[in-house]
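Undergrad: Turn this into a structure:
(4 chains)
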There are 4 protein chains.
Amino acid sequence: MATFADDHRYAMPAHFGGEPGGMYPLHYRDTVSATVWYETDGEQLAQLLPPGFTLDAPQIMVSAVMNRGVEWMAGEAYNILSVNVPATYRGAQDTLSGWYCLVVWENNAIPILPGREGTGIPKIYGEIEDFRFDADTMRTWAHLSGHTFCQLHLTGIVDAEERRRAEIDDAFSTMQWMAWRYIPRTGPTGGAELSQATVFPQEFVSTRVRFAHNTIEWSVPPLWQNPTQHHIISALATLPVGKPSGPAVIMDAENILRGDLARVLR
Amino acid sequence: MATFADDHRYAMPAHFGGEPGGMYPLHYRDTVSATVWYETDGEQLAQLLPPGFTLDAPQIMVSAVMNRGVEWMAGEAYNILSVNVPATYRGAQDTLSGWYCLVVWENNAIPILPGREGTGIPKIYGEIEDFRFDADTMRTWAHLSGHTFCQLHLTGIVDAEERRRAEIDDAFSTMQWMAWRYIPRTGPTGGAELSQATVFPQEFVSTRVRFAHNTIEWSVPPLWQNPTQHHIISALATLPVGKPSGPAVIMDAENILRGDLARVLR
Amino acid sequence: MATFADDHRYAMPAHFGGEPGGMYPLHYRDTVSATVWYETDGEQLAQLLPPGFTLDAPQIMVSAVMNRGVEWMAGEAYNILSVNVPATYRGAQDTLSGWYCLVVWENNAIPILPGREGTGIPKIYGEIEDFRFDADTMRTWAHLSGHTFCQLHLTGIVDAEERRRAEIDDAFSTMQWMAWRYIPRTGPTGGAELSQATVFPQEFVSTRVRFAHNTIEWSVPPLWQNPTQHHIISALATLPVGKPSGPAVIMDAENILRGDLARVLR
Amino acid sequence: MATFADDHRYAMPAHFGGEPGGMYPLHYRDTVSATVWYETDGEQLAQLLPPGFTLDAPQIMVSAVMNRGVEWMAGEAYNILSVNVPATYRGAQDTLSGWYCLVVWENNAIPILPGREGTGIPKIYGEIEDFRFDADTMRTWAHLSGHTFCQLHLTGIVDAEERRRAEIDDAFSTMQWMAWRYIPRTGPTGGAELSQATVFPQEFVSTRVRFAHNTIEWSVPPLWQNPTQHHIISALATLPVGKPSGPAVIMDAENILRGDLARVLR
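TA: As a prediction, the model looks like this:
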């Protein structure tokens, strides 16, 4: 008979056995990210935050990342596009400020599963294109079956001067990445089996920082083009894209995902 | 603020809103499946069943399916390879015989997520090739990044005579597909937040039934080739492939996934 | 030493050896095609025809095909989208009416190579989506890296009555598919090593014929999105999409590509 | 009417127009290659060389390359695996020593076409995996639809000391990449329309050079797994893999493909 030890970690299919211990730090040895920030309508944005969260600024951060040298995947690479907002969680026990994650598209199903089930990060599938560097520009975009819904255009890329690089390194040294884990009840009633705030801290150790001008474009595909994500893209595209809150940042870094520090917020 | 109604269904990211009601029947209008059964070592196989389940026969059923015309995905297609064993669940309230699902590989992340989170079906990602029909043979296989781990070879394909088709139709009219939903605790301790038996009934309405001889081959990739699924494939490949428990069945069918009848077994 | 026999067929890399004989009939056992016809500006369209060809009607035929059971590929499947015009070739020796092929997108490189090199069919790479059948509609579309450039929408699909099916079968029984083979000179001068008209006859034996209403949409991606095909899509999108020259046809068929009858037109 | 100017370059479909001039230098801004050399049976290897070529050493060079920042593809990336032998061409006019290309697999159809048609480089389609760097090892492999046929394992990766890096840089500064362009006659007779030796010079400007131990493994898939490339892989796998002719080289470089210097050898 398959049994499930209380001090081991398992993932479905759990009956094939687990490993001693729970979550642990994941090393992503060689990542390059392109991050942009823009202002939006705070009232509208606040509608998306679940109970316990309040908005710290009417701002959206979108980050595309090429993850390479992923240790737990034997060096495999995958790309993501995450959408986050500055927020504070205030619960019975915890008060924590950081970035609340609205959604993450990832182009590989394997890291999507533990991210969702273990830490509540709302990862869904999307094709995120490898960055196209061409002279001092870079472009990347996200699509599903050929229907592009988000494009990032970076122009005038330049290396960061020393002082500003230090500021960026400091800002990214620890990111409190917060989310909402929701596991539905099985069957026809609706409702939740689990519904709770979580945090999954991320650390970035940069080897290079560059700045760039940027444009971001959201496009809403008709329902038939993306029936399972249409409501998500619609909501994001409805949020006004205001002026950038500073230059885009291209960062080469090692990323450490602190599974050991992940927890449910109370 | 985003709120979560107790009579609506949501999936992460849940803060973008849900739909009234819970799970409902999903129509897969145009599927073709290739199913094989083989005998194996019952003692070894029983080690994989979680608490409450007992083995009904020392047998494994492997089914490859091309799902097309998937209604909730606007007609998109995807392929799966499922591995199941005949078993009975006996709980405090429920006694149910059917097929316990050891693992399902699917070549599309979108249906993987609700299957795991909502019903506990242990779906994981794999490339399942479109069926290669060539004269009276058919082949399909499953791989990850080029490393094939399961191959199905069907030969001597012939249409079923009327009487035997009726038997097959009857056997597939309702399949009690059982699984174990396991959601881990967040953080370094290990252990489960949810750990429970489930059932997700499936119905097949055939339009054509064919029989064939069959061979199945499991191959275990070295750890570096498939670090996240190695223990699963190893365990399956260790189970002896005994003689087929009858011919392979190729069935063209509409498949109805009875989300409305899915439930946690008690 | 590798040698090249004058009565064998080879493909690069040719030094690994060839097979006796030249081109031969290729059987595509199980295809489903969706074909639409529309009127356009004849003067503009005639600009695209090379020497020797004249336009028979100011009309464009676009055909999306799911090729399955492809014999020479051991049953593998691939999808194509072809754009053709009714034309007549008049050369020193040959006079032939049929369909001149403007371009074919295919989602698999393997059949692209012999099609181009051996018969001059101007195949290029594109993602052609598996048909999405949903109730009485069908959609398919073509893209490159997420940038869709052509969409086909079919609605009100109904089976053809007997008489009209016979007409369609007759029209498709033999299609004189003509093209222009162009192989460049190597190096900095420009110009051609080979530049000639060809024909590659196709035969369709239907098992089912359906009719539908249809819409076709061309979209021109910005140059950076599709630098190598931009001029092709631009030219096609510039041709007015006039009224359909009849209903769309969905045909299930065996397709025989008559390599044995392919030849250079003189 | 579409016309074809003798001082322009065109690619099929040529009727959509060409560009002034012929082939020109292509800049690949950011490539990383892993190259291994091994000894083999010279007599057997010589059987693969077409008329005019003689073997300079009983040696095979296999090179996997991740091409990124490809200028003519707007910065898109693609991967290749090439197999080459040291050879000299002696024709009526030309005598040239360099590397004769036996075959190149590429994971993108777009660069395959001009490489074959314009310069005779025998490119064919294959999935070449992004390099998996993990600590001081690197792996990559080539497959088709999940059937792996070549694997490269590099271990003990270390940066090259200055003197040896200079040697490598010198060896790669210009590579005379030779091939055989073969375009078949159309129709059932067999034989060639074009059959000729070519050269396509390549230049590498390195930014980093590393050395490693290496293993290479060829595996021959059964015919049904790879019907169009089986004879190629079989021939390569039959050539003994002798001892490495030195360490593997991992090179980060800009690669310039000298289309302007490509020519037919006479």
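
Undergrad: I'd like to know how far the residue lying closest to A:Met23 once chain neighbours are set aside sits from chain C.
TA: Closest residue to A:Met23 apart from its sequence neighbours, by Cβ to Cβ, 6 or more residues apart in numbering or on different chains: A:Gly259 at 3.2 Å. Where C-beta positions appear, they are placed from N, C-alpha and C, glycine not excepted. Applying Cβ to the nearest Cβ, to the nearest Å, the value for A:Gly259 to chain C is 31 Å.

Undergrad: residues in contact with A:Gly259?
TA: If you count contacts by Cβ atoms under 8 Å, 6 or more residues apart in numbering or on different chains, A:Gly259 has them with A:Gly22, A:Met23, A:Tyr24, A:Pro25, A:Leu26, A:Gly118, A:Thr119, A:Phe200, B:Gly187, B:Pro188.

Undergrad: repeat that for 7 Å
TA: A:Met23, A:Tyr24, A:Pro25, A:Leu26 (Cβ atoms under 7 Å, 6 or more residues apart in numbering or on different chains).

Undergrad: For it, give its distance to D:Val83.
TA: To D:Val83, A:Gly259 is 42 Å away according to Cβ to Cβ, to the nearest Å.

Undergrad: cool, A:Ser63 as well?
TA: Looking at A:Ser63 against D:Val83, where the rule is Cβ to Cβ, the gap reads 40 Å.

Undergrad: what's the answer for A:Pro58, then?
TA: Distance from A:Pro58 to D:Val83, by Cβ to Cβ: 57 Å.

Undergrad: Assign A:Arg29 to helix, strand or coil.
TA: Counting by DSSP: H, G, I helix; E, B strand; the rest coil, the backbone at A:Arg29 sits in strand.

Undergrad: wouldn't it be in contact with A:Ala253 here?
TA: No - in this structure, A:Arg29 is not within contact of A:Ala253 by Cβ atoms under 7 Å, at 9.7 Å.

Undergrad: Pretty sure A:Ser63 sits in a helix.
TA: No - under three-state DSSP, A:Ser63 falls outside any helix and is assigned strand.

Undergrad: In contact with it, which residues?
TA: So A:Ser63 contacts A:Ser33, A:Thr35, A:Ser82 (Cβ under 7 Å, 6+ apart).

Undergrad: What is the burial count for the last one?
TA: Okay, so that is A:Ser82. The number of residues packed near A:Ser82 is 22, by other Cβ atoms under 10 Å in any protein chain shown.

Undergrad: what about the strands in the stretch 101-250 of chain A?
TA: A:123-125, A:127-128, A:132-134, A:137-144, A:147-159, A:177-184, A:192-199, A:202-218, A:248-258 (DSSP state E, counting those that start in this stretch).

Undergrad: so can I have a markdown table of those showing mean pLDDT, mean neighbour count and distance to C:Glu76?
TA: Converted to a markdown table, those look like this (pLDDT from 0 to 100; neighbours: other Cβ atoms under 10 Å in any protein chain shown; distance: least, Cβ to Cβ, whole Å):
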| stretch | mean pLDDT | mean neighbour count | distance to C:Glu76 |
| --- | --- | --- | --- |
| strand A:123-125 | 98 | 22 | 25 |
| strand A:127-128 | 98 | 22 | 23 |
| strand A:132-134 | 95 | 20 | 30 |
| strand A:137-144 | 98 | 22 | 25 |
| strand A:147-159 | 98 | 19 | 26 |
| strand A:177-184 | 98 | 26 | 39 |
| strand A:192-199 | 98 | 20 | 43 |
| strand A:202-218 | 97 | 17 | 37 |
| strand A:248-258 | 98 | 21 | 39 |
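
Undergrad: For A:Ala160, which non-adjacent residue is spatially closest?
TA: Leaving aside its chain neighbours, A:Ala160 sits nearest to A:Val209 (4.2 Å; criterion: Cβ to Cβ, 6+ apart).

Undergrad: And the one you found, how close does it get to chain D?
TA: A:Val209 is 18 Å from chain D, by Cβ to the nearest Cβ.

Undergrad: So A:Asp134 sits against D:Ala74, correct?
TA: Yes - counting by Cβ under 7 Å, A:Asp134 touches D:Ala74, with 5.8 Å between them.

Undergrad: For the stretch 1-150 of chain A, what lies in contact range of chain D?
TA: A:Gly69, A:Ala74, A:Gly75, A:Glu76, A:Ala77, A:Asp130, A:Arg132, A:Phe133, A:Asp134 (Cβ under 7 Å from any Cβ of the partner chain).

Undergrad: Contacts only, for the second one.
TA: By that I understand A:Ala74. B:Trp224, B:Pro227, D:Arg132, D:Asp134.

Undergrad: Between those, which sits nearest A:Pro13?
TA: Distance to A:Pro13 across those (Cβ to Cβ) is lowest for B:Pro227, with 16.0 Å.

Undergrad: if we can go back for a sec, got a winner among the contacts of A:Gly259 for most neighbours?
TA: Result: A:Met23 is most packed of those (other Cβ under 10 Å), 24 neighbours.

Undergrad: The residue positioned nearest the centre of chain A: which element?
TA: The centroid of chain A falls nearest to A:Ser82 when counting by Cα atoms, centre = their mean (3.6 Å). A:Ser82 belongs to strand A:76-90 when assigned by DSSP states H and E.

Undergrad: So what are the sheet partners of that strand and their directions?
TA: Next to strand A:76-90 in the sheet, as set by DSSP bridges, lie strand A:53-55 (antiparallel), strand A:59-70 (antiparallel), strand A:95-106 (antiparallel).

Undergrad: Centre of the chain to stretch A:167-181, how far?
TA: 10 Å (Cα atoms, centre = their mean, to the nearest Å).

Undergrad: Next, the buried residues of stretch A:221-241.
TA: A:221, A:225-237, A:239, A:241 (16 or more other Cβ atoms under 10 Å in any protein chain shown).

Undergrad: try stretch A:93-104
TA: Residues of stretch A:93-104 classed as buried: A:Leu96, A:Gly98, A:Trp99, A:Tyr100, A:Cys101, A:Leu102, A:Val103, A:Val104 (neighbour count, 16+ other Cβ under 10 Å).

Undergrad: and A:Ala77, what does it touch?
TA: A:Met66, A:Asn67, A:Arg68, A:Val70, D:Asp130.

Undergrad: Look up the closest residue to the last one, ignoring the ones flanking it.
TA: So the one you mean is D:Asp130. A:Ala77 (5.2 Å).

Undergrad: Kindly report the same for A:Trp218.
TA: A:Ala237 (3.9 Å).

Undergrad: Please apply the same query to A:Asn79.
TA: Per Cβ to Cβ, 6+ apart, closest to A:Asn79 is A:Ile128, 3.8 Å.

Undergrad: so the one you found sits right up against A:Asn107, yeah?
TA: Yes - taking Cβ under 7 Å as the definition, A:Ile128 is a contact partner of A:Asn107 at 4.8 Å.

Undergrad: Touching both of the two, which residues are there?
TA: Common neighbours of A:Ile128 and A:Asn107 (Cβ under 7 Å, 6+ apart) are A:Asn79.

Undergrad: coming back round to it: C:Phe172 versus the residue nearest to the centre of chain A, what's the distance?
TA: 50 Å.

Undergrad: for A:Asn107, same thing?
TA: 40 Å.
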